[in-house]
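1. the following block contains a protein sequence and its predicted model.
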Amino acid sequence: GIYINDGDFKHFANAMGMLFKIQANDQLDLMLEDVVVLPPKCTEDFYVWEDGHEVRKYSDCGTWAAMVFFIIHATVSVFVILNVIIAVIINHFRTYYQQLKTIGVVDDQVLEDFREHWTEFDPD
């Protein structure tokens, strides 16, 4: 698959890179396709040998649990980031409004007039 070389969770940097790619929805379909490869389309056991000795045992098989994890991670991270962005916008609006209110540019009547005019376009 496309993410075989850098898309594992054996190393922290690779794991963080993989989670960032999921969060950014960067080729999420290809990633999900790679993590759910099951036998017989994968190699369950293969070994790395150095100097005639078995060093590591690997498998390039995936699991359906990975797809569930990735979808939950993507959903939660988008929810959290969206809430942070909304909180920042509201905080900046409140700060700006307080600054304008202290210098007398905007008062409560101006906002009430805005609300009345806005309901003409969006009654909900």
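-> Arrived safely, thanks for sending.

2. which pLDDT does the model give Leu82?
-> What the model reports as pLDDT for Leu82 is 90.

3. now do it against Tyr96, distance only.
-> Applying C-beta to C-beta, to the nearest Å, the value for Leu82 to Tyr96 is 21 Å. (C-beta placed from N, C-alpha, C; glycine too.)

4. what of Gly62?
-> Distance from Gly62 to Tyr96, by C-beta to C-beta: 49 Å.

5. Trp49 now?
-> The separation that Trp49 has from Tyr96, given C-beta to C-beta, amounts to 65 Å.

6. which parts of this structure are strands?
-> Per DSSP state E, the chain has strands spanning 46-50, 53-58. These are given in chain order.

7. out of those strands, which comes closest to Phe20?
-> Phe20 sits nearest to strand 53-58 of all the strands of the chain, at 24.1 Å, using C-beta to C-beta.

8. now the closest one against strand 46-50, angle please.
-> With axes from the mean of the first three to the mean of the last three C-alpha atoms, to 10 degrees as the criterion, the two stretches strand 53-58 and strand 46-50 enclose an angle of 150 degrees.

9. what mean pLDDT does strand 53-58 get?
-> Along strand 53-58, the predicted confidence averages to a pLDDT of 72.

10. now the residue most central in space within the chain. Nearest residue, chain neighbours left out?
-> For the chain, Gln23 is the residue whose C-alpha lies nearest the centre (C-alpha atoms, centre = their mean; 2.2 Å). For Gln23, ignoring the flanking residues on the chain, the nearest one in space by C-beta to C-beta, 6 or more residues apart in numbering is Ser77 at 4.6 Å.
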